[in-house]
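Peer 1: Coordinates only, no sequence provided:
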């Protein structure tokens, strides 16, 4: 019985230590909006105010093209998800 209790104490200690290590290694500090914009909102990025929120978007490609393609990312993603797609689509010849 003592071995079982000793094992559970060790297991509980190990889990606690692991949680602390993960928090230290993967914790983060919030970054300012200006810092984020300077890093991720390089041209052709733009912002539009919608319902009190700044919405980040990019309008790329040939402005004379009559067939626009709109790429909308999901909640856990960003417009940078489509960087490769945008580059590929811009380089396509008619």
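Peer 2: Received, thanks. In this text, all values refer to a predicted model and were calculated from it rather than measured experimentally.

Peer 1: Report the mean confidence score over the longest helix anywhere in the chain.
Peer 2: For the chain, the helix with the greatest residue count under DSSP state H is helix 2-26. The average pLDDT within helix 2-26 is 92.

Peer 1: In it, which residues are buried?
Peer 2: By neighbour count on 16 or more other Cβ atoms under 10 Å, the buried set for helix 2-26 is empty. (Glycine included, C-beta is placed from N, CA and C.)

Peer 1: From the contact counts, what lies against it?
Peer 2: Applying 3 or more Cβ pairs under 8 Å, 6 or more residues apart in numbering; DSSP states H and E, one finds that helix 2-26 contacts no other helix or strand.

Peer 1: Could you check how far that helix is from the centre of its chain?
Peer 2: With Cα atoms, centre = their mean, to the nearest Å as the basis, helix 2-26 stands 31 Å off its chain's centre.

Peer 1: do the same with stretch 62-74
Peer 2: Counting by Cα atoms, centre = their mean, stretch 62-74 comes out at 22 Å from the chain centroid.

Peer 1: average pLDDT for that stretch?
Peer 2: Across stretch 62-74, the per-residue pLDDT values average to 85.

Peer 1: measure it end to end?
Peer 2: Distance across stretch 62-74, first residue to last, is 25 Å (Cα to Cα, to the nearest Å).

Peer 1: thinking again about what came up before, going toward the C-terminus from the longest helix of the chain, what's the next helix or strand?
Peer 2: helix 33-40 (DSSP states H and E).

Peer 1: Tell me which residues of that next one come out buried.
Peer 2: Of all the residues in helix 33-40, not one is buried under the rule 16+ other Cβ under 10 Å.

Peer 1: Mind listing residues that contact that helix?
Peer 2: Identification of contacts with helix 33-40 by Cβ atoms under 8 Å, 6 or more residues apart in numbering yields 56, 78, 80.

Peer 1: Please consider this matter closed, and thank you.
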